[in-house]
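*Asks:* this is the structure alone, sequence omitted:
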């Protein structure tokens with residue numbers, strides 16, 4: 001498991017590594033099964049995920065990033081999902 005602060009820092013680093021793309025071109029979501037989620041989304045090359053301490057922390061990270069301008073990823077949000085993913 002990874003702390004919420006570390007996940008947020010790693011998301012920022014990943015997004016910023018793509019240069020001038022901007023938050024509005026990225027999607028963020030929560031899932032219980034990141035492998036299945038990636039497959040359902042078509043094995044997107046930019047798909048990255050992190051395991052949060054718990055589902056509540058994962059949802060809080062997602063909500064914070066949506067407020068920053070990220071798009072909400074389609075589907076895959078389970079109440080028990082503690083994986084945060086971006087693409």
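*Replies:* That came through fine. Given the structure is predicted, the values throughout are model-derived calculations rather than measurements.

*Asks:* only C-alpha atoms for contact and neighbour calcs from this point on.
*Replies:* Will do.

*Asks:* just to check, residue 82 is in contact with residue 60?
*Replies:* No. Residue 82 lies out of contact with residue 60 (CA atoms under 8 Å); the separation is 10.5 Å.

*Asks:* when these two are compared, which one has more neighbours?
*Replies:* Shown here are residue 82 and residue 60; by other CA atoms under 10 Å, residue 82 has more neighbours (24 against 14).

*Asks:* what's the closest non-adjacent residue to that one?
*Replies:* Distance criterion CA to CA, 6 or more residues apart in numbering; nearest residue to residue 82, sequence neighbours excluded, is residue 55 at 4.1 Å.

*Asks:* residues contacting the one you found?
*Replies:* The neighbours of residue 55, taking CA atoms under 8 Å, 6 or more residues apart in numbering as the test, are 79-83.

*Asks:* and those residues, which is closest to residue 21?
*Replies:* Nearest to residue 21 out of the contacts of residue 55 is residue 83 (CA to CA; 23.5 Å).
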